[in-house]
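In: fold the following.
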Amino acid sequence: EGGLFRRKNYDTAGEWTNVSGVGATGLPASPINAVIRDPHQSDVWYVGMDVGAFMTTNGGQTWTNMNVLGLGNVHVTAFAIPPDKTFLYVSTFGRGVWRIPLVNNQLTAFELDNDVVLGDRSVAATLRLSHPAPQGTTVKLATASPYVTMPTSLDFPTGSTERTFTIQTTQVFSTIRTAILYATCMGQTRTVELTIVPYPHVASLTIPRNYMYGGTLQYATVSLSAPAPLVGSITFTDNSAFLAVQSPITIGVGETSKLTTISTSMPATMQTATITATYKGTSRTLTVYVYPMPAIKSVAMYPAPLVGGFVGTITVTLNKPAPITTEIAIGENSPYVTVPSPRTLQAGQTLVNIPVYSINPLQDETINYTARIVGDTLPATQGSIQLRRSQLTSLSVSLNPISGGKKAVLTVTHNLPLPVSRVISLSSSNPAVASVPAGVTMIASSASATATVTTYAVTQSTTVTLTASFNGTTRQTTLTVNP
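Out: Down below sits the predicted model:
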């Protein structure tokens, strides 16, 4: 079998390699009369055959016909290159001697449009030759990096000096990776360095409470280890039929955290669910416990009625002990009462006492309120507060008129027994004639109180106004002091 063979001078085994090529890009089956190497480019060779001249730019891997340069399909007998290495002379049988200019064509550039890239992103690369490419010019591409995918070879269109292509990277995790890329053409090799940067990873997935009642929702926060470099998606999965997570959610450039919604349905028994957040191949998980929700069994107001200006208590009782920390919310819209809400039941408790702060109404009021477990979608439990107006009903003196220098009993009455002891304010319009203490205590469960009125000697009949004040209401009486 004929053909063109090559042996490298450092090959001590003396083995020869067939460099005739194969198929349409190989040398034709014809006698070889001349072989010469391009003095400028080690991988460029010229072969003269009975059917024309052929050249390779890649050391014999592929061959192209030089007849397009004007030689035609002629019998080539010899090649010659003068000392100045400017031309290739071709001797033919019957067609004379031809010459072709030789150029020192070199791979002058291997460039990337960005030498730092996020893993899983692509980057454009450009190859340049110093002179127009002869037919069949091929560039071999190689890298040892497992994080880069690119063609193994590229053909330059005949006459072109530039070739672009795309390099695809794969995702890297935690550590920056460096890939060395090689481009070889006409015996020359160029290298570039590509730095592949990892995306941020999912640093945490958290919720305010890792327990929920069925039929409720709360928000989970997913945080990245660094700001997101590009707009991307965070996906969520779960393994429970009683829990659903909003997925995917979009995280914008520069954002480090996002919220997603967790909603639940009502289980018959406690269920355990695992939620996983994933971003660019990294993930975090959390466990959520879903409980069946208890119901409000009853609500009660104490005392009933509530005296305006005093503090009462709403007692909310569940139908069973709360399995987890549970919040009870009270809703009302009266200007006369304030109920701090929500209030918390600890796990295992069945009731909670919620204070009701009131002010004295202008008249007796019935105030409706609602009680519900926070997050419960069922109708709220209804209750009412009977708020009674607090007012002093009378102020009287046991001796009236009274002789100066004597003492009498001052009695003040309230329309309702007081739930707790309070001081009734007292005053006199003329303490030099009739004096009273600054206040008198009306004790709890009582609706009246008494104080001493002290009078002083007068030379003529004198009237004094005594006043009692409490909870925004006032009562007065006139005392006559005689000589």
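
In: can we go C-alpha only for contacts and neighbour counts from here?
Out: Noted.

In: ok, now which ones touch the residue nearest to the spatial centre of the chain?
Out: Closest to where the C-alpha atoms of the chain average out (CA atoms, centre = their mean) is residue 258, at 1.9 Å. Counting by CA atoms under 8 Å, 6 or more residues apart in numbering, residue 258 touches 221, 222, 223, 249, 251.

In: so what's the second one closest to, chain neighbours aside?
Out: Yep, that's residue 222 we're talking about. Once flanking residues are discounted, residue 222 sits nearest to residue 205: 4.5 Å by CA to CA, 6 or more residues apart in numbering.

In: ditto for residue 397
Out: With CA to CA, 6+ apart as the criterion, residue 397 has its nearest non-adjacent residue at 4.5 Å, and that residue is residue 410.

In: before we move on, what about residue 193?
Out: The shortest distance from residue 193 to any non-neighbouring residue, by CA to CA, 6+ apart, is to residue 180 (4.7 Å).

In: repeat for residue 347
Out: Once flanking residues are discounted, residue 347 sits nearest to residue 324: 4.4 Å by CA to CA, 6+ apart.

In: and for that neighbour, the neighbour number?
Out: Using other CA atoms under 10 Å, residue 324 has 18 other residues around it.

In: return the set of residues that bridge with the residue nearest to residue 397.
Out: Per DSSP bridges, the residues bridged to residue 410 are residue 397, residue 451.

In: what's the distance between it and residue 426?
Out: 10 Å (CA to CA, to the nearest Å).

In: that older thread, my guess is the residue nearest to residue 397 meets residue 453, correct?
Out: Yes - Residue 410 lies in contact with residue 453 (CA atoms under 8 Å); the separation is 6.2 Å.

In: common neighbours of these two, please.
Out: residue 397.

In: where's residue 28, which helix or strand?
Out: Per DSSP states H and E: residue 28 is located in neither a helix nor a strand.

In: that one: neighbour count?
Out: Neighbourhood size, residue 28 [other CA under 10 Å]: 20.

In: residue 138 now?
Out: With other CA under 10 Å as criterion, residue 138 counts 21.

In: could you measure from the nearest residue to it once chain neighbours are set aside over to residue 102?
Out: Leaving aside its chain neighbours, residue 138 sits nearest to residue 155 (4.4 Å; criterion: CA to CA, 6+ apart). Distance of residue 155 to residue 102, computed by CA to CA: 21 Å.

In: can I assume the residue nearest to residue 193 is in contact with residue 192?
Out: Yes - if you go by CA under 8 Å, residue 180 and residue 192 touch, sitting 5.9 Å apart.

In: host element of the closest residue to residue 308 other than its chain neighbours?
Out: Of all residues not flanking residue 308 in the chain, residue 360 sits nearest, at 4.0 Å (CA to CA, 6+ apart). Residue 360 is part of no helix or strand when elements are defined by DSSP H and E.

In: same deal with the one 3 residues further on?
Out: Taking DSSP H and E as the criterion, residue 363 maps to no regular element, lying outside all helices and strands.

In: list phi and psi for it.
Out: In terms of degrees, to the nearest 10, the main-chain angles of residue 363 are phi -150, psi 170.

In: for the nearest residue to it once chain neighbours are set aside, grab the count of nearby residues.
Out: Using CA to CA, 6+ apart and skipping residues adjacent in sequence, the residue nearest residue 363 is residue 389, 5.2 Å away. Neighbour count of residue 389, defined by other CA under 10 Å: 20.

In: ok, the one 4 residues further on next?
Out: Neighbour count of residue 393, defined by other CA under 10 Å: 15.

In: tell me the predicted confidence for it.
Out: Looking at residue 393, its pLDDT is 96.

In: any idea how far residue 416 is from it?
Out: Separation of residue 393 from residue 416 (CA to CA): 9 Å.

In: find me the pLDDT at residue 174, would you?
Out: Looking at residue 174, its pLDDT stands at 81.

In: list the contacts of it.
Out: By CA under 8 Å, 6+ apart, the residues touching residue 174 are 198, 200, 201.

In: so it: helix, strand or coil?
Out: At residue 174, secondary structure determined by DSSP: H, G, I helix; E, B strand; the rest coil is coil.

In: hmm, back to that, what strand or helix carries the residue nearest to the centre of the chain?
Out: Per DSSP H and E: strand 257-264 holds residue 258.

In: other residues contacting the helix or strand that comes right after that strand?
Out: Elements were assigned by DSSP H and E; along the chain past strand 257-264, the next helix or strand is strand 271-279. For strand 271-279, the surrounding residues in contact (CA under 8 Å, 6+ apart) are 201-202, 205, 222, 233-240, 242-243, 245, 283-291.

In: and these, which are buried?
Out: Buried members of the contacts of strand 271-279, scored by 16 or more other CA atoms under 10 Å, are 201-202, 205, 222, 234-238, 242-243, 245, 283-286, 288-291.

In: tell me which of the residues you listed fall in helices.
Out: If you go by DSSP state H, these have nothing in helices.

In: measure stretch 180-199 end to end?
Out: Stretch 180-199: ends 21 Å apart by CA to CA.

In: flag every buried residue along it.
Out: By neighbour count on 16+ other CA under 10 Å, the buried set for stretch 180-199 is 181-187, 189-192, 194-199.

In: next one: stretch 299-319
Out: Neighbour counts over stretch 299-319 (16+ other CA under 10 Å) mark 299, 301-303, 305-314, 316-318 as buried.

In: got the CA coordinates for it in CSV?
Out: The C-alpha trace of stretch 299-319 is given here as CSV (Å, rounded to 0.1, in the frame of the first residue of the first chain):
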residue,chain,number,x,y,z
VAL,A,299,-65.5,32.8,75.8
ALA,A,300,-66.5,34.5,79.1
MET,A,301,-66.3,38.0,80.4
TYR,A,302,-65.5,38.8,84.1
PRO,A,303,-66.8,40.7,85.8
ALA,A,304,-70.2,41.0,84.2
PRO,A,305,-71.2,43.7,83.9
LEU,A,306,-67.9,45.7,83.7
VAL,A,307,-67.9,49.0,85.4
GLY,A,308,-66.6,51.7,83.0
GLY,A,309,-63.0,52.8,83.8
PHE,A,310,-62.1,49.4,85.4
VAL,A,311,-60.2,46.4,84.0
GLY,A,312,-62.0,43.1,83.2
THR,A,313,-60.9,39.8,81.8
ILE,A,314,-62.0,37.7,78.8
THR,A,315,-61.3,34.0,79.3
VAL,A,316,-61.0,32.0,76.1
THR,A,317,-61.2,28.2,76.6
LEU,A,318,-60.2,25.6,73.9
ASN,A,319,-61.8,22.2,73.4
